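Student: Quick one, fold the following:
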Amino acid sequence: MTHHAPDASVDPVYDVSTAQDLDYYGVFDDLPEADRLWWARAREFTSGLETRMAQHWEHAEYPVDLVRKAGGLGLLTDGVDVSAASMETLSPMAAGLVNMETSRADGSLGTALAVQGGLALRTLAYFGSADQKAEHLTKLATAETLGSFALTEPAHGSDSVSLSTTARLVGDEDSGYYVLNGAKKWIGNGASGGLTFTWARVAGGVHDGNVRCFLVDQDTRGYRAEVIQGKASLRAIHQALIQYEDVEVPAHAVLPGSKTFKDASKVLFATRLGVAWSAVGHASALVEAALSYSKQREQFSRPLASFQLVQERLTWMVSELTSMQLHVRQVTERDMAGTLTGPQASLAKYHNTRKARAIAQVARDMLGGNGILLKNKVPRHMADIEAIHTYEGTESVQSLIIGRDLTGYSAFA
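Tutor: Take a look at the predicted model:
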């Protein structure tokens, strides 16, 4: 028996993936050429990956080869100073644009960028010794070595300052060693066979009670990590549950620049702005999909785009997207000027992930039944936005940071 592909007239195929660069106010019109070139490089890297990433997302497969390809193109450095690796350092604006474009293509790829560059590479660059940087900086920047940032624990998410993973000092701080015990959860690249930047509370020595960061090779005895199964979001990147059972690391495994929990917060502050840019990428993809679909899909013998209600919804989505673009442009300008505050970065994330969620709901509704098909892009972005809305600080935590800045009162429990 001969089987034929379905007639397109029976089951039409819609192009909802073509980039349209919706920028109603021309927020990005005057970008420096160097930043625009990085944006174009990210666009070229992600071009044509739609079908492949949909399949990876559906089957929960992590395309490490694409992460390494991005590393070879210099796209994973997230504005971190990588001059020591003989690589070009992206401006904060270029880093944001790369994050936005990568997330527009796929949320898991955008998160891989955030984990590898925004968290792991940044931690080494901020707090590592000269020897640690010489050994690992280039390999992390290019993704030859996959890196992870292990802060969140099974029982301590938003309350990460209360982390219970310990690093007990045996001997002295120059020639002794540390024994790590505890657990971490939701750690991107944590089961990749690479390096884990592990934040733990020190027991013993002059840093007793303080939280410091330890460079742990994932092949170290006692380090056990398993990929978390059953995720409904960011399915094309692996995140791990890690257990440390008497993991011994030498004294020189501690990153000397890490002294207290405030140093972990410094990394999170830097990446919070990246999440706001990522939300713009997701929202752009959703608005593009809804607009494209409305022009191609016909109902009642007319394109959906010709109906008043559809035009009103498209107008609302573009207005929200424009607001998001203005937020990231403004806060990134402040970042480059050295005037960006922590609460301002929190407001950008708070605003943009909320807006992205709302846009996702409308976009899904506009595609009707086709809006639940992975091949039509919208449900993947809708699900992935739920993750970025939570990580790097939940909506509730961001609101408390902003509220404390506004009122002078801390409402943290």
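Student: When you work out contacts or count neighbours from here on, use the C-alpha atoms and nothing else.
Tutor: Will do.
Student: Parallel or antiparallel, which strands does the lowest-mean-pLDDT helix or strand in the chain pair with?
Tutor: Using mean pLDDT, DSSP states H and E, strand 298-299 stands out as the lowest-scoring helix or strand of the chain, at a mean of 88. According to DSSP bridges, strand 298-299 forms sheet pairs with strand 302-303 (antiparallel).
Student: now the strand it pairs with: mean pLDDT?
Tutor: For strand 302-303, mean pLDDT rounds to 94.
Student: Can you name the next helix or strand after that strand?
Tutor: Counting by DSSP states H and E, the element after strand 302-303 in chain order, helix or strand, is helix 308-337.
Student: for the helix or strand just after that next one, which positions count as buried?
Tutor: Using DSSP H and E, the helix or strand that follows helix 308-337 towards the C-terminus is helix 342-366. Within helix 342-366, the residues scored as buried using 16 or more other Cα atoms under 10 Å are 342-357, 359-360, 362-364, 366.
Student: Go ahead and name everything in contact with the helix or strand following helix 342-366.
Tutor: Using DSSP H and E, the helix or strand that follows helix 342-366 towards the C-terminus is helix 378-390. Helix 378-390 has contacts (Cα atoms under 8 Å, 6 or more residues apart in numbering) with 54, 57, 106-108, 232-234, 275, 279, 282, 285-286, 289, 350, 353-354, 356-357, 360-361, 363-364, 371-374, 395.
Student: and helix 378-390, average pLDDT?
Tutor: Mean per-residue pLDDT for helix 378-390: 95.
Student: Using PDB, list the CA coordinates for that helix.
Tutor: Listed next in PDB are the C-alpha coordinates belonging to helix 378-390 (Å, rounded to 0.1, in the frame of the first residue of the first chain):
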ATOM      1  CA  VAL A 378       3.900  29.100  20.600                       C
ATOM      2  CA  PRO A 379       3.400  26.400  23.300                       C
ATOM      3  CA  ARG A 380       7.200  25.900  23.700                       C
ATOM      4  CA  HIS A 381       7.700  29.600  24.300                       C
ATOM      5  CA  MET A 382       4.700  29.700  26.600                       C
ATOM      6  CA  ALA A 383       6.000  26.900  28.700                       C
ATOM      7  CA  ASP A 384       9.600  28.200  28.700                       C
ATOM      8  CA  ILE A 385       8.500  31.600  29.900                       C
ATOM      9  CA  GLU A 386       7.300  30.000  33.100                       C
ATOM     10  CA  ALA A 387      10.900  29.000  33.900                       C
ATOM     11  CA  ILE A 388      12.500  32.400  33.300                       C
ATOM     12  CA  HIS A 389       9.700  34.000  35.300                       C
ATOM     13  CA  THR A 390      10.900  31.900  38.200                       C
END
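Student: could you say what helices and strands the next helix or strand after that helix packs with?
Tutor: Note on helix 378-390: by DSSP H and E, the next helix or strand toward the C-terminus is helix 395-407. Packing contacts for helix 395-407, counted by 3 or more Cα pairs under 8 Å, 6 or more residues apart in numbering; DSSP states H and E, involve helix 342-366.
Student: relative to helix 308-337, how tilted is the helix it packs on?
Tutor: Relative orientation of helix 342-366 and helix 308-337, computed by axes from the mean of the first three to the mean of the last three Cα atoms, to 10 degrees: 160 degrees.
Student: now the angle from helix 342-366 to helix 378-390?
Tutor: Going by the same axes, to 10 degrees, helix 342-366 makes 160 degrees with helix 378-390.
Student: So which elements touch helix 342-366?
Tutor: For helix 342-366, the packing partners by 3+ Cα pairs under 8 Å, 6+ apart come out as helix 261-296, helix 308-337, helix 378-390, helix 395-407.
Student: For the last one, give me every contacting residue.
Tutor: Residues from elsewhere that reach helix 395-407, judged by Cα under 8 Å, 6+ apart: 158, 343, 344, 346, 347, 349, 350, 389, 409, 410, 411, 412.
Student: Against residue 395, how distant is the fourth one?
Tutor: Distance, residue 346 to residue 395, using Cα to Cα, to the nearest Å: 9 Å.
Student: Reformat the helices and strands packed on helix 342-366 as TSV; add distance to residue 50 and mean neighbour count.
Tutor: Conversion of the helices and strands packed on helix 342-366 to TSV gives the following (distance: least, Cα to Cα, whole Å; neighbours: other Cα atoms under 10 Å):
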stretch	distance to residue 50	mean neighbour count
helix 261-296	11	24
helix 308-337	22	18
helix 378-390	11	23
helix 395-407	29	16
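Student: Turn those helices into JSON lines, columns for distance to residue 217.
Tutor: Putting those into JSON lines (distance: least, Cα to Cα, whole Å) gives the following:
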{"stretch": "helix 261-296", "distance to residue 217": "19"}
{"stretch": "helix 308-337", "distance to residue 217": "33"}
{"stretch": "helix 378-390", "distance to residue 217": "27"}
{"stretch": "helix 395-407", "distance to residue 217": "32"}
